[in-house]
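can you look at this prediction? I've put the sequence above it.
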Amino acid sequence: MLEANFMYGPVRSRRLGRSLGVSPIPAKTCTFSCIYCQLGSTTQLTSRREAFYPVQQIVTDFEACLQMASSFDTVTIAGQGEPTLYLEIGDLIAALQERTAAPVAVITNGTLLGDSDVRRDLQRADMVLPTLAAFDEASFHHIHRPVPELNFADVIQGLEQFSQVYTGALWMEVMLMGGINDDDVSLQRIARLLQGMQYDKLFINTVVRPPAEPDVEEISPGRMKAAVQVLGAR
Ligand code: SF4
């Protein structure tokens, strides 16, 4: 396994096979501080996009990894926070695609998709994987503890807009937590939100690694079965 400034892995990903990771943002820089985050609490809570590092610096690291890395299935831009905060993510995606035949995926919390610049940038990715967990404004604040300027309705609208224009593979993920969003009513509300989005696959996930808040729990196998039915996982 390689460790370099902007690269990690390849790691075995449940969704993406052997995934070579690219992190274009400083540690724990995010628009959210989710109660289920496996990285702990967010230290840089922000919605301001920045060119944290030059694209070329990240690409140099990537090229070094290509020399050393064992085989991988996907290049995944994610990192310790929200990667669309990286202002140059569109150019980074293009630069990575020029250097590998593997698909370039972006894992995102979807909060900045209301911004047309972000939608344009992510249009260049081969795959985009947004996560959904909240079903209304109150659950949005409880689960995600967002930067103050974000609101639930705008985030959902951004996801809908992006899903309607994106031409790559859109794989939605729903993150469920025991006693928080896994009851029937919550699942039905999440299902209604998903109906407004056009996506290729739906993954249902739960808390499997230690979360930021220790009382956040995984859901039971019974609730997972119910979720698969109600949400229509693909
Ligand atoms: S969006 Fe992702 S990185 Fe950001 S706090 Fe939530 S789980 Fe952690």
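Cool, got the structure. Numbering: from 1, shown residues only.

residues from the protein in reach of the ligand?
Counting by C-beta under 6 Å from any ligand atom, the chain comes close to the ligand at 30, 32-34, 37, 39, 42, 81-82, 109. In short, each C-beta sits where N, CA and C put it, glycine included.

may I ask which two of these are separated the most?
Between any two of the residues of the chain next to the ligand, the greatest separation by C-beta to C-beta is 12.3 Å, found for Leu39 and Asn109.

which helix or strand contains the residue sitting furthest away from the middle of the chain?
Distance from the centre of the chain peaks at Gln67, with 27.3 Å (C-alpha atoms, centre = their mean). With elements taken from DSSP states H and E, the one containing Gln67 is helix 55-68.

contacting residues around that helix?
The contact list for helix 55-68, computed with C-beta atoms under 8 Å, 6 or more residues apart in numbering, reads 2, 4-7, 20, 22, 24, 75, 88, 91-92, 95-96, 99-100.

quick one: mean pLDDT for that helix?
Throughout helix 55-68, pLDDT has a mean value of 92.

buried residues in that helix, which are they?
When neighbours are counted by 16 or more other C-beta atoms under 10 Å, the buried residues of helix 55-68 are found to be 55, 58-59, 61-62, 65.

please apply the same query to stretch 79-96.
When burial is assessed from 16+ other C-beta under 10 Å, stretch 79-96 yields the following buried residues: 79-93, 95-96.

mind checking how far it is from the chain centre?
Going by C-alpha atoms, centre = their mean, to the nearest Å, the spacing between the C-alpha centre of stretch 79-96 and its chain's C-alpha centre is 12 Å.

for the chain, give me the ranges with low pLDDT.
1-4, 69, 233-234 (pLDDT under 70).

which parts of it are helices?
With DSSP state H, the ranges of helices along the chain come out as 55-68, 89-99, 116-122, 137-144, 152-165, 184-195, 221-231.

ok, and what's touching the fourth one?
Okay, so that is helix 137-144. Counting by C-beta under 8 Å, 6+ apart, helix 137-144 makes contact with 32-36, 109, 133-134, 146, 151-153, 155, 177, 180-181, 186, all of which sit outside it.

before we move on, the earlier item: between Leu39 and Asn109, who's got more neighbours?
Asn109 (24 against 17; other C-beta atoms under 10 Å).

follow-up on the earlier one: selection in ChimeraX covering whichever of the contacts of helix 137-144 are buried, please.
If you want just the buried ones from the contacts of helix 137-144 in ChimeraX, going by 16+ other C-beta under 10 Å, the selection is:
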select :32,33,34,35,36,109,133,134,146,152,155,177,180,181,186
